[in-house]
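Chemist: Sequence first, then the predicted structure, then my questions.
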Amino acid sequence: MKGIALSDMKDQFSKYLDHAGKKPLLITRHGKPAGLLIGFRSEEDWFDYRLENDPGFLARIEKARQSLRRGKGTALEDVD
């Protein structure tokens, strides 16, 4: 992961946002980690990120998995 000083980030934000669309960019302040810039190549990438980091959605997925472990659920082959 590439690191960039906050002072440099402010001067060339657009350039670094483009970079962050390919790989996350660690932002440092006084040489220490201060943040992370994550870019998205598309709206779909943005949507995926939001789902993957939404506590409510993750809780629903875990609840469904627990239900399946208990033998509750419907096999995909049985769905019309």
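Modeler: Everything's here; your move. Residues are numbered from 1 along each chain as shown.
Chemist: State the distance from the residue minimising distance to the centre of the chain to Phe57.
Modeler: Computing the C-alpha centroid of the chain and ranking residues by Cα atoms, centre = their mean puts Tyr49 first, at 3.7 Å. Using Cβ to Cβ, to the nearest Å, one obtains 12 Å as the distance from Tyr49 to Phe57. (Each C-beta comes from the backbone N, C-alpha and C, glycine too.)
Chemist: what sits in contact with each of those two?
Modeler: Overlap between the contact sets of Tyr49 and Phe57, as judged by Cβ atoms under 8 Å, 6 or more residues apart in numbering, is nil.
Chemist: Scan this protein for its longest helix.
Modeler: Longest helix of the chain, by residue count under DSSP state H: helix 55-69.
Chemist: Extract the C-alpha trace of that helix and format it as CSV.
Modeler: Extracted C-alpha coordinates of helix 55-69, given in CSV (Å, rounded to 0.1, in the frame of the first residue of the first chain):
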residue,chain,number,x,y,z
PRO,A,55,-23.4,-3.6,10.1
GLY,A,56,-27.1,-4.2,9.5
PHE,A,57,-26.6,-6.1,6.3
LEU,A,58,-23.8,-8.2,7.8
ALA,A,59,-26.0,-9.0,10.8
ARG,A,60,-28.8,-10.2,8.4
ILE,A,61,-26.3,-12.4,6.5
GLU,A,62,-25.1,-14.0,9.8
LYS,A,63,-28.7,-14.6,11.0
ALA,A,64,-29.5,-16.3,7.7
ARG,A,65,-26.4,-18.5,7.9
GLN,A,66,-27.3,-19.5,11.4
SER,A,67,-30.8,-20.4,10.3
LEU,A,68,-29.3,-22.6,7.5
ARG,A,69,-27.0,-24.3,10.0
